[in-house]
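1. Sequence and predicted structure, then a few things I'm wondering about:
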Amino acid sequence: MPKWNALPDELDPQIKEFIGQLRRLVDRSGLGVAALADRTGYAKTSWERYLGGRLLAPEGAVVALAEVTGVHPAHLTTFWELAERAWHRTETRHDRTMEANRVSEARAALEEPGDRDRTGDGKDAGSGGGAAGNSWRMAGYRGPSPSGAPPAPSSSPSRASGASGAAVPDGPGWTQASVPGPYGPPPEDRRPGDEGAVGGGGSGGAGRQRLTMFLAGVVGVLVVIGAVFFFTRAGGGANGKDTAASTSPSPSSRPDLPAGVKCAGSACTGKDAEAMGCSGDLVTTVKSVAVGTTILEVRYSKTCGAAWARITGAAQGDQVRVLTGGKTRQSGAISAPGDTIAYTPMVAVGSAARAKACATLASGRTGCTT
């Protein structure tokens, strides 16, 4: 009889009660964990996690335990349903806590001290007065005085700035007339000799010609890019195949597979069902037959799209095979003394009806599912 360790304190009371029921059934049956694994078809390491509170047992394992210990499955699955809800609630709280921690860390990382220094007093470092200083200059003022006081308007003679009649001061300060722009100073503020600048001249012919040449170059580049894209799509990838086909996900990397499932369809052929996550509560027994005292089954996982054959209550030397289309696809056997369960690797099938299991016992007796 196993000696049970204390369950973790953080487990929900309903989960603890469920695991306690499982432990009582195991104690009452007198089975060890290894014998329990042989009788139920679930691995010894899995039962150690289930009974230790590290992993919630799937419904299939619970039903198998009920059958082995001789209790009605409905009574045990009632405790399992309550424990499953509690387990999901615990996982949800854990996920929310982790999300909150990540948000807090992100906020702390974004609030750098340098950002607060630049925005704390409303001034831009090195601007000599921030936005206000720029507005004084744009309005026609000279730069700030050495004392930092707002500069006084320039009193130097100014030229007329057009219909508005506003005076635009001359001088070395940053004035509206000297603010760089794509076409230089406003037309009414050009000095003699400005006609050679970009956009200059009375008619603007040179500027328009350069703009036309620039736009023609842009159009040419776009045409070349479009032609390359068109022929690349039409020609496809290597060997004349569409490149999109080469990047489609393989069955084993399908994003719609549940957590823990590592293959689907043809990718599962020849693989171990338990190692690929296709067993547990994802598998059902679709066919079974008794061959003497040995039970022969066809096991099928709709999620993985694969089937395999299993024998239980068997002995050393017993063999099992899974067939599709009348041909043996995979096989297994019991080779170690004391083992009572053997199953074949998986084979991909479109439906469970296409798979058939056959057994050949060491006594010479044979049998197959129908």
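-> Arrived safely.
2. tell me which element the residue lying closest to P258 once chain neighbours are set aside falls in.
-> With C-beta to C-beta, 6 or more residues apart in numbering as the measure, T303 is the residue that lies nearest to P258, at 6.5 Å, once sequence neighbours are left out. No exception for glycine: its C-beta is placed from N, CA and C like everyone else's. Remark: T303 resides in no helix or strand, with elements defined by DSSP states H and E.
3. What backbone torsions are found at T303?
-> With angles defined as degrees, to the nearest 10, T303 sits at phi -60, psi -40.
4. residues near it, how many?
-> Applying other C-beta atoms under 10 Å, we find 15 residues neighbouring T303.
5. dump the residue contacts of it.
-> Contact analysis of T303 by C-beta atoms under 8 Å, 6 or more residues apart in numbering lists 257-258, 261, 264, 278, 282.
6. do M346 as well
-> Counting by C-beta under 8 Å, 6+ apart, M346 touches 268-273, 276, 278, 301, 304, 306-308, 330.
7. I'd like the distance from the closest residue to it other than its chain neighbours to A357, if you could.
-> In this structure, M346 finds its nearest non-sequential neighbour in A306, 4.0 Å apart by C-beta to C-beta, 6+ apart. In this view, A306 and A357 are 14 Å apart by C-beta to C-beta, to the nearest Å.
8. Looking at these two, which is more packed in?
-> Using other C-beta under 10 Å as the criterion, A306 and A357 rank with A306 on top: 30 against 27.
9. Does that one touch G265 like I think?
-> Yes - in this structure, A306 is within contact of G265 by C-beta atoms under 8 Å, at 7.5 Å.
10. Can you work out which residues contact both of these two?
-> With C-beta under 8 Å, 6+ apart as the test, A306 and G265 both reach A348.
11. which ones among the contacts of M346 are found in strands?
-> Counted as lying in strands by DSSP state E, out of the contacts of M346, are 301, 306-308, 330.
12. Name the nearest of those relative to V219.
-> The nearest member of the ones in strands among the contacts of M346 to V219, counting by C-beta to C-beta, is A306 at 56.5 Å.
13. Identify the residues contacting that closest one.
-> A306 neighbours (C-beta under 8 Å, 6+ apart): 263-265, 268-269, 273, 278, 300, 346-349.
14. Neighbour-wise, which one of these leads?
-> Neighbour counts for those peak at M346, which has 30 neighbours (criterion: other C-beta under 10 Å).
15. Look at K3 and tell me its secondary structure.
-> Of the three states, K3 takes coil under DSSP: H, G, I helix; E, B strand; the rest coil.
16. ok so, going back, switch the contacts of T303 over to CSV; also include pLDDT.
-> Listed next are these as CSV, based on pLDDT from 0 to 100:
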residue, pLDDT
L257, 86
P258, 87
V261, 91
A264, 92
C278, 90
L282, 82
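17. Is it possible to get a markdown table of those residues that adds secondary structure?
-> As requested, the contacts of T303 are exported to a markdown table (three-state DSSP):
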| residue | secondary structure |
| --- | --- |
| L257 | coil |
| P258 | coil |
| V261 | coil |
| A264 | coil |
| C278 | coil |
| L282 | helix |
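18. remind me, longest helix of this protein?
-> In the chain, with assignment by DSSP state H, the single longest helix is helix 73-110.
19. Would you mark the buried spots in that helix?
-> Neighbour-count burial for helix 73-110 flags 76, 79-80, 82-84, 86-87 (criterion: 16 or more other C-beta atoms under 10 Å).
20. Compute the mean per-residue pLDDT across it, please.
-> Taken as a whole, helix 73-110 carries a mean pLDDT of 79.
21. Before I go, just wanted to say thanks for your time.
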